[in-house]
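A.B. asks: Next input, structure requested:
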Amino acid sequence: METNDYNYENPFSPEPGPTAPDPMADFKTDTDNQGFKSHAMTWLALFVFVIAFPAMSILPGTDTSELLGQLNEFTRIITYIVTIVMLWGLFGLVWVATTFEKTGLKGIGFYKIRKLDFAWAGAALLGAITIVSGVAWTLGQIGMPVPGEIALLLPTEWTGRILWVVMSFTAGFCEESVFRGFLMTRIRLIFGLKSWAIPVIASTLIFAVCHAYQSFSGMIVIGIYGLILALIYIRARSIWPVIIAHFFQDFLNLFFPQ
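C.D. replies: Down below sits the predicted model:
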């Protein structure tokens, strides 16, 4: 007896519809985080970046303006060196965490640098200078002037100037790795967020608090600056534009003090 192996489909069964989009899967693919695995180092890094590091900036103590006003060239150089070492320590924590997470630095936007990244950096720098200058002017008009804390930190001799350039690159490279690269992607990954809104707000606020030594009005300006960098980071899909923009923002203080 012959058997018929043909499977007849039920003509009344509904046809399968299109697969619903998965924002998190798309996000992981777009950012090379498909293999992301949360690790204890992830949580340690988040604790340091979200709680410990900002707390150091808001602890009560000596008035910052008074303290900076007492700096001489030697103590400025010591300040630069301490800052450089501390920031590279923070980047080291990012590197260790991303290694244990199985994504590496590529998972926070460290791709091969492109010519387009310099164009994005220029747009970020120009936009930041224009918008932040306007905000600072507006704050001054309503009785909340932004103090010139950075001017008190600027070097007066060549040794200090060279270290300032090194510190500017360090700040751009390490701070962007922490605040834009790591915080924004990890907050979204860990909490399964469908959009960038909460990571952008969180990283912007934390970035502002970490600059609390520049006063409340200074924090507002820094927060807006961080927001611009966060948006550029998302749009460019690379960490390099914000690193470059941040470096030149700090470097140009040598010639155009705030």
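A.B. asks: Beyond the strand or helix carrying T204, next helix or strand please.
C.D. replies: Assigned by DSSP states H and E, T204 belongs to helix 197-209. Where DSSP H and E defines the elements, the next helix or strand beyond helix 197-209 is helix 215-236.
A.B. asks: Under a three-state scheme, what state does the residue nearest to L105 when sequence neighbours are not counted occupy?
C.D. replies: Nearest non-adjacent residue to L105, counting by CB to CB, 6 or more residues apart in numbering: T98, 5.6 Å away. The C-beta positions use only the backbone N, C-alpha and C, and glycine is treated the same way. Under DSSP: H, G, I helix; E, B strand; the rest coil, T98 falls in the helix class.
A.B. asks: Check what pLDDT D30 gets.
C.D. replies: D30 is assigned 89 on the pLDDT scale.
A.B. asks: hmm, back to that, elements contacting the helix holding T204?
C.D. replies: Here helix 197-209 touches helix 53-58, helix 183-191, helix 215-236, going by 3 or more CB pairs under 8 Å, 6 or more residues apart in numbering; DSSP states H and E.
A.B. asks: Can you list the buried residues in the shortest one?
C.D. replies: Meaning helix 53-58. Using 16 or more other CB atoms under 10 Å as the test for burial, helix 53-58 gives 53-54.
A.B. asks: State the mean pLDDT of it.
C.D. replies: Per-residue scores along helix 53-58 average to 85.
A.B. asks: Just checking the distance from that helix to the centre of its chain.
C.D. replies: In terms of CA atoms, centre = their mean, to the nearest Å, the centre of helix 53-58 is found 16 Å from the chain centre.
A.B. asks: helices and strands around it, which ones?
C.D. replies: Packing partners of helix 53-58 (3+ CB pairs under 8 Å, 6+ apart): helix 197-209.
A.B. asks: The helix it packs on relative to helix 183-191, how many degrees between them?
C.D. replies: Orientation of helix 197-209 against helix 183-191 (axes from the mean of the first three to the mean of the last three CA atoms, to 10 degrees) gives an angle of 140 degrees.
A.B. asks: List the neighbours of helix 197-209 that are in contact with it.
C.D. replies: By CB atoms under 8 Å, 6 or more residues apart in numbering, the residues outside helix 197-209 that reach it are 49-50, 54, 57-58, 175, 179-180, 183-185, 187-188, 191, 193, 219-220, 222-223, 226-227, 230-231, 234.
A.B. asks: Is the closest residue to S217 other than its chain neighbours in a helix, a strand, or coil?
C.D. replies: Excluding the flanking residues, the one nearest S217 by CB to CB, 6+ apart is M144, at 4.3 Å. Recorded secondary structure, M144: coil (three-state DSSP).
A.B. asks: cool, and the one 3 residues further on?
C.D. replies: In the three-state summary, P147 is assigned as coil, counting by three-state DSSP.
A.B. asks: my read: it touches S215, true?
C.D. replies: Yes - the pair P147 / S215 is scored as a contact, 5.4 Å apart, by CB atoms under 8 Å.
A.B. asks: hang on, the earlier thing: average model confidence for the helix holding T204?
C.D. replies: In this model, helix 197-209 has a mean pLDDT of 96.
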